[in-house]
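[1] Here's my sequence, what's the structure:
(chains A, B, C, D, E and F, ligands or ions: 6)
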There are 6 protein chains.
Amino acid sequence: MYRHTKELQWSAKPERPDALYASKLQEVIGGQFGEMTVMMQYMWQGWACRTPGKYKDMILDIGTEEIGHVEMLTTLLARLLEGAPAETQAEAAAANPALAAVLGGQNPQQAIVSGGFAMPTNSMGVPWNAGYIVASGNLLADFRHNVAAEAQGRLQVARLIGMTDDPGVKETLSFALARDTFHQQQWLLGIEQLIEDGHTDGLEDSRKAEEATEQASVFYSFHEGSTAHEGRWAQGATLVGDQEIRFEEGRALQDDVQELPAPDPELFATYD
Amino acid sequence: MYRHTKELQWSAKPERPDALYASKLQEVIGGQFGEMTVMMQYMWQGWACRTPGKYKDMILDIGTEEIGHVEMLTTLLARLLEGAPAETQAEAAAANPALAAVLGGQNPQQAIVSGGFAMPTNSMGVPWNAGYIVASGNLLADFRHNVAAEAQGRLQVARLIGMTDDPGVKETLSFALARDTFHQQQWLLGIEQLIEDGHTDGLEDSRKAEEATEQASVFYSFHEGSTAHEGRWAQGATLVGDQEIRFEEGRALQDDVQELPAPDPELFATYD
Amino acid sequence: MYRHTKELQWSAKPERPDALYASKLQEVIGGQFGEMTVMMQYMWQGWACRTPGKYKDMILDIGTEEIGHVEMLTTLLARLLEGAPAETQAEAAAANPALAAVLGGQNPQQAIVSGGFAMPTNSMGVPWNAGYIVASGNLLADFRHNVAAEAQGRLQVARLIGMTDDPGVKETLSFALARDTFHQQQWLLGIEQLIEDGHTDGLEDSRKAEEATEQASVFYSFHEGSTAHEGRWAQGATLVGDQEIRFEEGRALQDDVQELPAPDPELFATYD
Amino acid sequence: MYRHTKELQWSAKPERPDALYASKLQEVIGGQFGEMTVMMQYMWQGWACRTPGKYKDMILDIGTEEIGHVEMLTTLLARLLEGAPAETQAEAAAANPALAAVLGGQNPQQAIVSGGFAMPTNSMGVPWNAGYIVASGNLLADFRHNVAAEAQGRLQVARLIGMTDDPGVKETLSFALARDTFHQQQWLLGIEQLIEDGHTDGLEDSRKAEEATEQASVFYSFHEGSTAHEGRWAQGATLVGDQEIRFEEGRALQDDVQELPAPDPELFATYD
Amino acid sequence: MYRHTKELQWSAKPERPDALYASKLQEVIGGQFGEMTVMMQYMWQGWACRTPGKYKDMILDIGTEEIGHVEMLTTLLARLLEGAPAETQAEAAAANPALAAVLGGQNPQQAIVSGGFAMPTNSMGVPWNAGYIVASGNLLADFRHNVAAEAQGRLQVARLIGMTDDPGVKETLSFALARDTFHQQQWLLGIEQLIEDGHTDGLEDSRKAEEATEQASVFYSFHEGSTAHEGRWAQGATLVGDQEIRFEEGRALQDDVQELPAPDPELFATYD
Amino acid sequence: MYRHTKELQWSAKPERPDALYASKLQEVIGGQFGEMTVMMQYMWQGWACRTPGKYKDMILDIGTEEIGHVEMLTTLLARLLEGAPAETQAEAAAANPALAAVLGGQNPQQAIVSGGFAMPTNSMGVPWNAGYIVASGNLLADFRHNVAAEAQGRLQVARLIGMTDDPGVKETLSFALARDTFHQQQWLLGIEQLIEDGHTDGLEDSRKAEEATEQASVFYSFHEGSTAHEGRWAQGATLVGDQEIRFEEGRALQDDVQELPAPDPELFATYD
Ligand SMILES: [Ca+2]
Ligand SMILES: [Ca+2]
Ligand SMILES: [Ca+2]
Ligand SMILES: [Ca+2]
Ligand SMILES: [Ca+2]
Ligand SMILES: [Ca+2]
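    Numbering: from 1, shown residues only, chains lettered A, B, ... in the order given. Ligands and ions are numbered 1, 2, ... in the order given. Have a look, this model is predicted:
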């Protein structure tokens, strides 16, 4: 169960309206790596966590914080829309290029659909969907995805900061930056904890015994003139298991040509 | 530009048909973490890579290998469908529960739409879509996502192996396991290389100077009776910057209640 | 079966082109509550209606009218695009901010994909999809959804009227307003008729006898300082059944903590 | 901001595993009218609500309760999967038709993707998406949509109850039935309150003055032999404004044939 | 405007229920090439057609017929669901493998969501979406797409016929086959008519003068050991313009390596 | 298996940045008929092709070329973004309408998500999805779809050429025009080859013997005042089988009214 309070975790007070920026801000609300994504991803992972205790509690703590981040950024966005230009101001635009940019770039759904509020979509209007998230039950695999979500999300916030000079907006986003810095570490430290607790050695290796061992330490190149052999990924010891990484040209490793069996005649495939 | 050869990278020869298994195998072809995802993700990241040389070449090498993985798994799937039961065998099912399971669980599109071939969808029929992938131009953030994709994808392959006892299928999937083991390491080693080359210290930290520093090292708990403080993520030094992580109860950090400005009357929002 | 005639139900004659407005108008054509939605929703509900007679005929009458509304609004949109500025007019924009707004805000698919016509998408370009509609076979539940669709759709039209001062556009939209006013009432009167005919008492109550009766008349608050108890929804008699509504703090009503059984080891979930 | 507690609002304890039922239960979790929909819809409406006080608090109270409903039903589903049959039991199926039904009908993603947990999808595997919800800022229109969501959701729960005889599952769903009964009333009472508070007369009527008045009280029939005139929707007084509803044959009301202007030659449309 | 009549164009009377078949039949109703697709595609193309007269009338005639095809097939499907087995029949399945196949393979939404009716989705439950259709304003390009839709749709119907032996179902589908045969020809004859009327020579060739002429008659092979040169597409005269088709190895035709300009530092791309 | 080389097939060198054009160019990269579509469609068709030899090789040759087209156009787009205006240039816009158009119309994801690169989406931001493509195993049906894709794609390129006057962009697109001209012919010649090789007579006619023969040569009109009878599609001989096409008014051809059986009471449909 959940409870709600009316205060925001951090302030969300732009100094002036900016409908063009509100259009861009949608990306970190309802985009692939927006706050809706981490909110839903962590809540589902927390509910799916099999072991009571510190892992489950930690995931749910963060997931619960993230609901508040959606609340905070949608509030920021709604306040940015105060006084957004209406279409009938088109005549005013005739003498005002800055207004023209806003008229051309504002998000029509923020007026027509939500009446001056954020939409649960990305910056191009694509509705948020659950294909963005995962809760696999395997904490290593999920924490890897969480680190990625925080890194991508933080990068997007950093890019968005460069698109405004409103100190109030920057104040809110500076908090988002900090939490994403912390959350990146949190999931990386979660992996360290999983290792320390003996759950993994840091690589997903279920059914390790059934792996085609030889192919687990070779870099195959499929590229004329590739310089990929210069990187650490193509030389030195593997991260686990202490094998030597080899660099080889990609080739057929067994004997199988891509041909298919004769088709079922009831399916009317073309066949000689 | 690309070139094609007819040989598969590894063999894909099931010993007997299994239409029920073919239905499940779709997940690692056209699902969120299937081969289409890594194929498209790495090709886009490679094309988007700004610096010629080892990083760009490495990403494109792997992306090119992944096209072949889609080819290999769709071939495996098509061969599993050879002799799949048709609906008119329903009468035969009256005396055969194992056939009944197949009739109930097979993927109808593999017959009706593709005529005995794989579909570019996941195991529930959802078409692959580009919302699964990212190419941000920032290699740290992208490599984090790539590690996650390989870990989740490998976990799914491991689960799928437990659902068959066909040695030919296991042979193909043992190769997929091995490559996912190698590719997890490759992206982790890619991050090590980025650190060694001075591109990052391992955390996404663009606009670090504009971060709300205080909030970058606090674990906020929003949970009654949370034991999250027991984990490494809530104590000890930060991974970078050498601060001490604090564990605190989540609370309003500034003074802002979630209220909105009066609405534009032209939008007909409800307002007192 | 259906038949077509060439006349529109109402005129759709803008006085002048307005490509920026054409971009916004997409919302009420192919959006969540656009004419495609009500057209498809009512046709499916009519076909699905089990009882021949006044209900089925009424639903199909309205559904058939709605096809004509899609026809009317797409025609309006196409006429708004007559003379839409082409990209090569970018130089002209250098001296014309109003043109700049149009160049920035027009819908590129209306040129590139449909050659000067409407798209079957919303105002942000999201293709119409059948996840917007429902035909449940239960007329009360469906009429509730239909009232909602007409109310939301009418609100969007009202907002769009405020974004133009073209008398021809307003003329068309004044008709859409009126029909949405009528159709809201029609579905509400449909519910009255269902009650009069003894099909329902106005609440969906299938399997009423299996309901946890106590929980059907309590408002649970999960909010610090909530003033929700002041509303009619938290006090007075229930709408049916004549119980007294209670206002209580949300709490665990039975004894069950969110913990999960030990996982299947073949699924490689993390578990102590 | 939000807080979490570990207790469920109501118990979620099936008496025995049922993987086939777990597949169907997805509909009321991640489907068009599942708990994710009402959770997200009410939270967004609450955040978007412009007036502090009883309306905003009420919407947020219910939205917060709904997060717990997702938690409760996903827990129920995970417990239904305990001991779900694995594919390698196919041989066992040869002697067990009931097992065959489960093997054919179970949701492969619940094993392959989530490792024995619910998916954020509907019963056919379609990921939840934000195109299901609306928060318009206009409380009448939104409450209409909320009544519909509760009515459709309750109907689906009622249908699902008929598909099980597990007393533990029925116990959980009996609670869902009750809350949906209460929530239907709550939103209807919310509309009564809006009327009482003078916000509306119960019909969405923004820009009423610009409506084509004549068309707001006519039922147009487009159907040979329609008996729709027998219903209340085609006769008697309008619900507001006290006009007489007329029943007429659908026809062209103004003079406009569906023809389009000559195309822009740069768009290469076919034209004489 | 449109009108409706209650008779179906052709009968839709299965001899017995078949819920498993009803699940498969969804493909030709709400799938990529189902009746919803051709219905919507032709209506949009008809409305978008710029020239009044035989083309526009023809497209709208066929589009109007297709609405009736959706009506006919959804009716067929609903009748196939009469007496569909409910979940509680699971015990009966213990002695009946044929029932087990149905229990495993039936479409849960046809019960839970639509109450015994068709869904506006494909056979895997994916909602129909407007990304399947096109109306470009260019009749040659659109007729090409229409031929393809009829060919693919007919092939799917042919495959579905092989999955049933119910004479009533076959009767309905035999009509679908015939109309798809006719409609394939109709669009091909439409192209002949476009040629005869001087609108095209059969190839889309807008801005022909700006084409890189040399590359319009070469088959480039990117394949080791390709035998593609044996086909008509790699030799002989072009279909228009009377050039000789050449077969060449794919290669870089100009001098451009896939490298990108230095990134904007504000975007934090990785760069040396 | 595939291999990669660093050279582009054709040059992609715009003379100057144009972020507004980059936004539009997305359509032919990740749209319904963009290069991702043909790349994926042909690769899947090639892998699915049952007969080794010239058909399979030809399809795979073209599919492999198309990967390079995605590479070429995404490179062109990235180069168009060099020096794209940032939001903070809004002040500059106050004196520059041309800049205002760009600020309003540029694609925010090309900065926020991909850091100055193309997105795998269409011009409105909709992610590419596999619902655009088909690989049916039936070469006639697939080649029909391929002709359509090339015709629609070429038309879109032609329209895009009219929206720029950058010679470098035109140079790249002139190549795209030429290849689309060639590929249209290639698939048409593929159909000729299928006919010559005896695989088809040019119409999809599987289960021809089970077709309702009478209905395979009638044009049904559902339109008052239709002039469709003037076209070749409504008169003359059929393309195969040498029947005479008839023009008739659409009507009920058998005796079946759209009524449904009594519902299952457990589904709570409305019923008298
Ligand atoms: Ca966050
Ligand atoms: Ca792989
Ligand atoms: Ca309407
Ligand atoms: Ca609920
Ligand atoms: Ca048809
Ligand atoms: Ca191409």
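[2] pLDDT (mean, whole number) over the helix or strand hosting A:W44?
    Using DSSP states H and E, A:W44 sits within helix A:35-48. Per-residue confidence for helix A:35-48 averages out to 98 on the pLDDT scale.
[3] Could you check that helix against chain C for contacts?
    Yes: contact between helix A:35-48 and chain C, assessed by C-beta under 8 Å from any C-beta of the partner chain, occurs at A:47-48. Heads up, the C-betas are built off the backbone N, CA and C, glycines and all.
[4] can you pull the contacts of A:E71?
    Contacts were defined as C-beta atoms under 8 Å, 6 or more residues apart in numbering or on different chains; by that measure A:E71 touches A:8, B:258, D:1, D:43, D:47.
[5] I'd like to know which elements the strand or helix carrying A:A111 is packed against.
    Assignment of secondary structure by DSSP H and E places A:A111 within helix A:108-112. Taking 3 or more C-beta pairs under 8 Å, 6 or more residues apart in numbering or on different chains; DSSP states H and E as contact, the helices and strands that helix A:108-112 lies on are helix A:19-25, helix C:19-25, helix C:27-30, helix C:139-161.
[6] Dump those into TSV; add mean pLDDT, mean neighbour count and distance to chain D as well.
    Rendered in TSV, the data for these read as follows (pLDDT from 0 to 100; neighbours: other C-beta atoms under 10 Å in any protein chain shown; distance: least, C-beta to the nearest C-beta, whole Å):
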stretch	mean pLDDT	mean neighbour count	distance to chain D
helix A:19-25	96	26	14
helix C:19-25	96	26	11
helix C:27-30	98	26	12
helix C:139-161	98	27	4
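[7] F:L76 is nearest to which of these?
    With respect to F:L76, and counting by C-beta to C-beta, the nearest of these is helix A:19-25 at 24.0 Å.
[8] The residue nearest the centre of chain A in helix, strand or coil?
    Ranked by distance to the mean C-alpha position of chain A (C-alpha atoms, centre = their mean), the top residue is A:F33 at 2.8 Å. With DSSP: H, G, I helix; E, B strand; the rest coil as the basis, the three-state label of A:F33 is coil.
[9] and E:G231, which of the helices and strands packed on helix A:108-112 is closest to it?
    Distances from E:G231 to each of the helices and strands packed on helix A:108-112 were compared using C-beta to C-beta; the shortest belongs to helix C:27-30, at 41.4 Å.
[10] could you say what helices and strands the closest one packs with?
    Partner elements for helix C:27-30 (3+ C-beta pairs under 8 Å, 6+ apart): helix A:108-112, helix C:35-48, helix C:54-80, helix C:139-161.
[11] CA-only coordinates of it in CSV, if you can.
    Taking C-alpha atoms only, helix C:27-30 is exported to CSV below (Å, rounded to 0.1, in the frame of the first residue of the first chain):
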residue,chain,number,x,y,z
GLU,C,27,-6.4,15.4,-32.6
VAL,C,28,-10.2,15.2,-33.2
ILE,C,29,-9.8,13.1,-36.2
GLY,C,30,-7.4,10.3,-35.2
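[12] Close to chain C: what parts of the stretch 101-250 of chain A are there?
    When proximity is defined by C-beta under 8 Å from any C-beta, the stretch 101-250 of chain A lies next to chain C at A:101, A:103-109, A:111-113, A:115, A:121, A:124-127, A:136-140, A:194, A:199-200, A:206-207.
[13] what bits of the stretch 1-150 of chain A have low per-residue confidence?
    Across the stretch 1-150 of chain A, the stretches falling below the confidence threshold (pLDDT under 70) are A:86-91.
[14] Could you check how far A:A94 is from chain C?
    Computed with C-beta to the nearest C-beta, to the nearest Å, the distance linking A:A94 and chain C is 4 Å.
[15] Count the residues that sit near the residue nearest to that residue when sequence neighbours are not counted.
    Taking C-beta to C-beta, 6 or more residues apart in numbering or on different chains, and ignoring the residues beside it in sequence, A:A94 has C:A98 as its nearest neighbour in space, at 4.4 Å. The local packing of C:A98 (other C-beta atoms under 10 Å in any protein chain shown) involves 21 other residues.
[16] what's the answer for the one 5 residues further on, then?
    The tally of other residues near C:L103 (other C-beta under 10 Å) stands at 29.
[17] That one and C:A93 touch, don't they?
    Yes: in this structure, C:L103 is within contact of C:A93 by C-beta atoms under 8 Å, at 5.5 Å.
[18] ok, back up a step: could you double-check that the residue nearest to A:A94 sits in contact with A:A100?
    Yes: in this structure, C:A98 is within contact of A:A100 by C-beta under 8 Å, at 6.7 Å.
[19] after the longest helix along chain A, next one along is what?
    Looking across chain A with DSSP state H, the single longest helix is helix A:167-196. Using DSSP H and E, the next helix or strand after helix A:167-196 towards the C-terminus is strand A:218-221.
[20] What's the first helix or strand after that next one?
    Moving toward the C-terminus from strand A:218-221, the first helix or strand encountered (DSSP H and E) is strand A:246-249.
[21] how far does that following strand sit from the chain's center?
    33 Å (C-alpha atoms, centre = their mean, to the nearest Å).
[22] list the helices and strands that strand packs on?
    Packing contacts for strand A:246-249, counted by 3+ C-beta pairs under 8 Å, 6+ apart, involve strand A:218-221.
[23] Can you give the strand pairings for the strand it packs on, parallel or anti for each?
    With DSSP bridges as the criterion, the sheet partners recorded for strand A:218-221 are strand A:246-249 (parallel).
[24] Buried residues of the partner strand, list them for me.
    Judged by neighbour count using 16 or more other C-beta atoms under 10 Å in any protein chain shown, the buried positions of strand A:246-249 are A:F247.
[25] Run through who's touching that strand.
    Defining contact as C-beta under 8 Å, 6+ apart, one finds that strand A:246-249 is touched by A:217-222, A:228-229, A:234-235.
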